[in-house]
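[1] give me a model of this one.
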Amino acid sequence: MEKTFLIPREPKRGDLIEIFRFGYQHWVIYVGHGYVIHLAPPSEYAEAGFSSVMSLQTDRALVKKDRLWVVAGNDRYRVNNKYDRTYSPQPVTKIVLEAESLVGQMMPYNVASKNCEHFVTRLRYGMAKSDQVTDAFELGGAAILGLAGIAVAATLIHSVVARKENEDE
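    Got it, this is the predicted structure:
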């Protein structure tokens with residue numbers, strides 16, 4: 001059963017496709033005829049969705065070629081060549097040939113420095129980039145600052161309440 005595209009246009013060869021999983025995005029590169037190539041932990045099956053969180057526990061990943069609709073499963077996806085305004089994409093033939101040559105290979109994997117987004121951006125632009133990682137660190141930093149702020153506020157409130165109780169005695 002072929003899934004209809006949930007994106008404004010059908011992907012072109014060499015396009016980056018962002019698949020919206022629960023809590024993160026999985027990135028694939030379109031190589032034509034409904035197929036994508038992507039980097040995934042060996043234990044992950046194509047439409048893994050949330051089980052892909054297991055990727056946090058691995059240091060190796062397999063380059064796979066699957067149908068886009070199978071990899072996306074029930075998740076939304078879109079073409080997102082987000083760095084095209086900043087970096088020139090490599091020639092489509094080079095992108096696709098290199099991606100195809102990597103299928104079946106085990107690659108080093110690290111969620112912060114060698115993830116699926118790094119993999120596809122290196123193929124398209126010749127350099128590995130991942131905003132997911134930067135965004136996660138920024139959100140993590142904001143969360144830590146937010147928690148620290150809550151802790152400081154709680155301490156101040158506790159201090160004011162304790163002082164008020166002492167004054168009432």
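[2] can you list the domains in the chain?
    With automatic domain parsing as the criterion, the domains of the chain are listed as 16-129, 130-169.
[3] could you tell me the least trusted of those domains?
    Mean pLDDT per stretch puts domain 130-169 lowest among the domains of the chain, at a mean of 53.
[4] which parts of the chain are helices?
    68-72, 92-102, 116-125, 131-168 (DSSP state H).
[5] and the first one, what's buried?
    Spelled out, that is helix 68-72. The neighbour-count check on helix 68-72 (16 or more other Cβ atoms under 10 Å) flags L68, W69, V71, A72 as buried. For the C-beta atoms, the positions are set from N, CA and C on the backbone; glycine is no exception.
[6] packing partners of that helix?
    Contacts defined by 3 or more Cβ pairs under 8 Å, 6 or more residues apart in numbering; DSSP states H and E place helix 68-72 against strand 16-21, strand 24-32, strand 35-40.
[7] CA-only coordinates of that helix in PDB, if you can.
    These are the backbone C-alpha positions of helix 68-72, laid out as PDB (Å, rounded to 0.1, in the frame of the first residue of the first chain):
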ATOM      1  CA  LEU A  68       9.700   6.200   2.400                       C
ATOM      2  CA  TRP A  69       6.200   5.200   3.400                       C
ATOM      3  CA  VAL A  70       7.600   2.300   5.400                       C
ATOM      4  CA  VAL A  71      10.100   4.400   7.200                       C
ATOM      5  CA  ALA A  72       7.600   7.100   8.000                       C
END
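[8] fine by me, thanks again.
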